[in-house]
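Below is the sequence, then the predicted model.
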Amino acid sequence: GSGMYITLIPRQALTSSPYAVYAGGSPWNGLTGIPVDFADGVDDVGVDTTYTAGAGLVLTDTQFSFGLTNLVIVDAGGKGHYTSLAEAVAAAPEGTTILVMPGVYSGYVPIAQDNIHIIGSGAGEFDPISGQLVGGTIIRGEIHMADSYGSSISNLGVDVHSYLVDGIDTGSNVPNEQHRLEQSINNVTILGSGKSSSYHGIRIQGGSHLQIDNVRVYRMAHGIAVRGSYVNISNIYTEDCRVTSIIVKSATETGDAENVNISNVIAYNTGAYSAGNLIDVQSYHAGTSARFVNISNITLYNPSHSAVVVDQIAGTVESVNISNVTVYASGAAVDRGVFEVRNGATDVSFSNIQSYDPLYTSMLVRNDGTNARVRVVGAYSEPEQYLSGAYDYAQVGASEQLRLREVSGVTNYTVTQDDRIVVVSTADGNVTIDLPDLTQCRGCTFLIKKVDGTNAVTIDPYGAQVIDGAPTFALSLQWSFIEITSDGDDTWIITGH
């Protein structure tokens, strides 16, 4: 052929690259549709050609660059605009995005401006051998978002294992109904020291409308503390948080905690650090409320105490829905439940809850008797656990209603067919337990247990009915018990004592 060419050795199929090599040296002669500025074979800029800088760019003569008022790069190795994140944030005008390169950045980072977006280069991972976060962008110091409207933190780690501080703190003690924050925290790993009983991985201290997603918290006192409203929390992993993994709490200084949604949580206690109630919902001060709280899709491992607690310490707790929760090896005390409702809470619902408890805490759900409209729908436990207190509706296992009844401060109590275990306190004197007519509850089984060392419990059958031929049965020793089953005729059969 003719014209300029390159010999390809070894032979190969022609692709766009060889064609481009040829085209780069081909003449313009004979071509049609050539733009005016190229007609002479030179890329000229005509008088009618203009350029404009798009969002985030600055145009100087013919050179484009990032607009520093919109984008700032922080690099510990000196290849960005700053080497210190705290200095970059302090100098940033409202609306700045701060990209933080891989590395370790020390110091307290307060955010005072609105719409500041800090984006790291990876959330890092907890290394149990070194006891610190490694990889990605690691901030060694608290990030204080305060009441910075519209700001966000993402894709980084906060390592405060050498300090007694919160990991990320939002809000500024402004009651939530007065202050809408619109903040978000996403893909963040937080590590604490495991030594404090008061600091938090993330603390929402007033304000409303926040999003927290894909967060991992290790060794803090509280994993995430919510003292605000309209908060959505999802995809959370906590490990060895000493007091709670997640706590929703109303208080005087921060106002109500309302409309809080928590989903997809795994909370784990290795035993290296004491972990209390893994999830708490509480009102702490009079005149405040924690309500409209939805907790779903939760897996809890090895809580040192109850797994989930709803507690109206003061103020109001109401409309709390807890669903799809599985608990392994609860450490709840014998007088507590894996799930607890306390001190006058109202409208608390449990649905599809499961407990696998080799230590055998006898109570699956404990209602301390002061709460109203508590419901349990769909519950399962291994070994078999029971419900304590009164419920609007209770379904355990295969639609079997099983309840634990606590008797104290009275001299007589009549067992009902809804009871299964009756725990009797004799601290105030002798107590008589009257049994129901066994002809009306053939096959009924009751376990009656005395928990005090003083006085006695007398178990008295209905009418002329008997307990293994005896007219009554007495429990005099502390922790003594009797299990009896109705024959449907005239005798309660002792099946255990």
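On my side now, so go ahead. Numbers count the residues shown, from 1 in each chain.

List the strands paired with the host helix or strand of residue 259, with their directions.
Assigned by DSSP states H and E, residue 259 falls within strand 257-268. Strand 257-268 has the following strand partners under DSSP bridges: strand 222-239 (parallel), strand 289-301 (parallel).

and stretch 412-429, which residues are buried?
413, 415, 419, 420, 421, 422, 423, 424, 425, 426 (16 or more other C-beta atoms under 10 Å). Glycine gets a C-beta too; all of them are placed from N, C-alpha and C.

can you list contacts of it?
362, 386, 401-409, 411, 431-436, 440-441, 444-452, 454-457, 475 (C-beta atoms under 8 Å, 6 or more residues apart in numbering).

My understanding was that residue 485 contacts residue 491; is that so?
No - Residue 485 lies out of contact with residue 491 (C-beta atoms under 8 Å); the separation is 9.6 Å.

all strands for the stretch 1-150 of the chain, in order.
Under the criterion DSSP state E, counting those that start in this stretch, the stretch 1-150 of the chain contains strands at 57-60, 63-66, 71-74, 97-100, 103-106, 109-110, 117-119, 125-127, 132-134, 137-140, 143-146.

so which of the ones you listed gets nearest residue 354?
Across these, residue 354 has its closest neighbour in strand 125-127 (28.1 Å, C-beta to C-beta).

For stretch 186-199, which residues meet the burial criterion?
So stretch 186-199, judged by 16+ other C-beta under 10 Å, has buried residues 186, 187, 188, 189, 190, 191, 192, 193, 194, 196, 199.

tell me the contacts of the last one?
For residue 199, the residues meeting the contact criterion (C-beta under 8 Å, 6+ apart) are 160, 164, 165, 166, 192, 220, 221, 222.

Nearest to residue 253, out of the residues you listed: which one, please.
Nearest to residue 253 among these, with distances taken as C-beta to C-beta, is residue 166, at 15.6 Å.

Can I take it that that closest one is in a helix?
No - assigned with DSSP: H, G, I helix; E, B strand; the rest coil, residue 166 falls outside any helix and is coil.

Quote the end-to-end distance of stretch 158-165.
One end of stretch 158-165 to the other measures 11 Å (C-alpha to C-alpha, to the nearest Å).

ignore the last one, stretch 84-103
End-to-end for stretch 84-103, by C-alpha to C-alpha: 11 Å.

what sits up against it?
69-77, 79-82, 105, 107-111, 113-122, 135-139, 141, 156.

now do stretch 488-497
Here stretch 488-497 has contacts from 435, 438-439, 442-443, 445, 447, 461, 464-469, 473, 480-487, using C-beta under 8 Å, 6+ apart.

now do the same end-to-end measure for it.
By C-alpha to C-alpha, one end of stretch 488-497 lies 21 Å from the other end.

Likewise for stretch 444-455?
One end of stretch 444-455 sits 27 Å from the other (C-alpha to C-alpha).

pLDDT averaged over it - what is it?
Stretch 444-455 comes out with an average pLDDT of 87.

Go through it and flag the buried ones.
For stretch 444-455, by 16+ other C-beta under 10 Å, it's 444, 446, 447, 448, 449, 450, 451, 452.

Kindly report the same for stretch 472-479.
Neighbour-count burial for stretch 472-479 [16+ other C-beta under 10 Å]: 473, 475.

tell me how far the ends of it are from each other?
End-to-end distance (C-alpha to C-alpha), stretch 472-479: 19 Å.

partner strands of the very next helix or strand once past the strand holding residue 259, parallel or antiparallel?
Using DSSP H and E, the helix or strand that follows strand 257-268 in sequence is strand 279-283. In the sheet, strand 279-283 lines up against strand 244-250 (parallel), strand 308-312 (parallel) (DSSP bridges).

my read: residue 260 touches residue 227, true?
No - in this structure residue 260 lies outside contact range of residue 227 using C-beta under 8 Å: 10.2 Å.

Those two - which one has more neighbours?
Just comparing residue 260 and residue 227: by other C-beta atoms under 10 Å the higher neighbour count belongs to residue 227, 28 against 24.

Can you tell me the closest non-neighbouring residue to the more buried one?
residue 254 (4.0 Å; C-beta to C-beta, 6 or more residues apart in numbering).

Helix, strand, or coil at residue 439?
helix.

can you tell me the helix or strand for the residue nearest to it when sequence neighbours are not counted?
Take residue 439 and drop its neighbours on the chain: the residue closest to it by C-beta to C-beta, 6+ apart is residue 488, 6.4 Å away. Here residue 488, judged by DSSP H and E, is contained in no helix and no strand.

Keep only those of the contacts of stretch 412-429 that are in strands.
386, 403-407, 431-434, 445-450, 457, 475 (DSSP state E).

returning to what we had before: which of the buried residues of stretch 444-455 sits closest to residue 312?
The closest of those, once distances to residue 312 are taken by C-beta to C-beta, is residue 451, at 25.8 Å.

Tell me how many other residues crowd the nearest residue to residue 463 once chain neighbours are set aside.
With C-beta to C-beta, 6+ apart as the criterion, residue 463 has its nearest non-adjacent residue at 7.3 Å, and that residue is residue 437. Neighbour count of residue 437, defined by other C-beta under 10 Å: 11.

Could you pull up the residues touching residue 327?
300, 303, 307, 308, 338, 353, 354, 355, 356, 357.

SS state for it?
Residue 327 ends up strand, using three-state DSSP.

Just give the closest residue to it, not the sequence neighbours.
Using C-beta to C-beta, 6+ apart, the nearest residue to residue 327 is residue 307, at 4.3 Å.

Quick check, that neighbour in contact with residue 339.
Yes - contact criterion C-beta under 8 Å: residue 307 and residue 339 qualify, at 6.5 Å.

Give me the common contacts of these two.
residue 325.

Give me the helix or strand of the chain that scores worst on average pLDDT.
helix 16-24 (a mean of 53; mean pLDDT, DSSP states H and E).

Go through the buried residues of stretch 444-455 and name the one nearest residue 370.
Looking across these and measuring by C-beta to C-beta, the closest to residue 370 is residue 451, at 20.0 Å.

show me the contacts for that closest one.
By C-beta under 8 Å, 6+ apart, residue 451 lies in contact with 423, 424, 425, 478, 479.

quick one: low-confidence parts of the stretch 151-300 of the chain?
173-178, 272-277 (pLDDT under 70).

cool, and the stretch 351-497 of the chain?
358-362, 390, 392-403, 442-443.

hmm, try it at 80
Along the stretch 351-497 of the chain, segments meeting pLDDT under 80 span 357-363, 369, 382-404, 417-420, 440-445, 488, 495-497.
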